[in-house]
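Just a sequence and a predicted model for now, questions to come.
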Amino acid sequence: MSGYEIGRLGYLGLLLTALVIWMFVQHRGRIGQKLQQLAAWGLIFVAVLAAIGLWGDIRQTVLPQQSVFAETGRIELPRAPDGHYYLTLQINDVPVRFVVDTGASGVVLTRRDAERAGLDPDALIFHSRARTANGSVETAPVRLEKVTLGRFADSDLPAYVNGGEMDNSLLGMSYLQRFDRLEIAGGKMVLQRG
């Protein structure tokens with residue numbers, strides 16, 4: 001826990017103490033009733049803290065996930081609350097979450113995802129450049145040995161590792177063109193491959 005978080009927790013504790021003292025001073029005659037109310041508010045406070053602490057886990061459980069229908073070669077991606085479509089691929093048997101970007105020409109990995117997928121960060125040579133909405137960035141061309149999605153397996157897929165800061169890896173047209181159909185309708189992206 002950082003110093004900032006400890007300070008915030010201390011401030012909340014001080015505020016809670018002040019409220020409890022004010023409540024007892026204001027209603028001195030009904031201590032039993034006030035203790036019950038205090039216990040109820042304490043439970044509400046703890047529940048709110050638990051919900052905040054577990055929000056990441058709750059969000060992952062509640063949000064719809066990608067569906068792979070292997071027998072028909074169909075993949076359905078629900079639109080995320082941020083308006084993007086996300087697809088998780090196995091890169092060298094490691095799950096990597098991508099933002100599907102039909103405006104990107106290639107597959108672009110973050111440095112962190114590249115390292116997780118077994119690419120040596122010290123061996124990367126950032127000698128190419130890519131134009132992005134945020135300007136030009138250095139990239140390192142790589143080859144992904146094994147890329148799988150359900151029953152679909154591709155090997156030796158050309159990709160790039162971004163030399164700059166990037167929140168998510170991007171899945172561009174060099175991978176998406178492997179599908180026979182790409183359709184966006186009704187809040188879903190559907191990919192079909194024979």
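Okay, I see it.

okay, now the nearest residue to residue 143 once chain neighbours are set aside: neighbour count?
Using Cβ to Cβ, 6 or more residues apart in numbering and skipping the chain neighbours, the partner closest in space to residue 143 is residue 156 (5.4 Å). In short, each C-beta sits where N, CA and C put it, glycine included. Using other Cβ atoms under 10 Å, residue 156 has 9 neighbouring residues.

Note down every partner strand of whichever strand in the chain runs longest and its orientation.
Ordering each strand of the chain by length in residues (DSSP state E) puts strand 135-149 first. Partners of strand 135-149 in the sheet, by DSSP bridges, are strand 86-91 (antiparallel), strand 128-132 (antiparallel), strand 152-162 (antiparallel).

how about the ones you listed, which one is nearest residue 36?
Across the strands paired with strand 135-149, residue 36 has its closest neighbour in strand 86-91 (46.6 Å, Cβ to Cβ).

mind listing what's buried in the closest one?
Across strand 86-91, burial judged by 16 or more other Cβ atoms under 10 Å covers 86-87, 89, 91.

next one: stretch 186-194
Neighbour-count burial for stretch 186-194 [16+ other Cβ under 10 Å]: 189-191, 193.

May I have it as PDB, with CA atoms only?
Below are the C-alpha coordinates for stretch 186-194, written out as PDB (Å, rounded to 0.1, in the frame of the first residue of the first chain):
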ATOM      1  CA  GLY A 186     -26.200  -5.300 -33.200                       C
ATOM      2  CA  GLY A 187     -23.300  -4.500 -30.800                       C
ATOM      3  CA  LYS A 188     -21.300  -7.500 -31.900                       C
ATOM      4  CA  MET A 189     -18.400  -8.100 -34.200                       C
ATOM      5  CA  VAL A 190     -18.600 -11.500 -36.000                       C
ATOM      6  CA  LEU A 191     -15.600 -13.100 -37.600                       C
ATOM      7  CA  GLN A 192     -16.200 -16.200 -39.900                       C
ATOM      8  CA  ARG A 193     -13.500 -18.500 -41.100                       C
ATOM      9  CA  GLY A 194     -13.900 -21.700 -43.100                       C
END
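
Not counting its own residues, what contacts it?
If you take Cβ atoms under 8 Å, 6 or more residues apart in numbering as the criterion, stretch 186-194 is touched by 72-79, 85, 100, 152, 176, 178-184.
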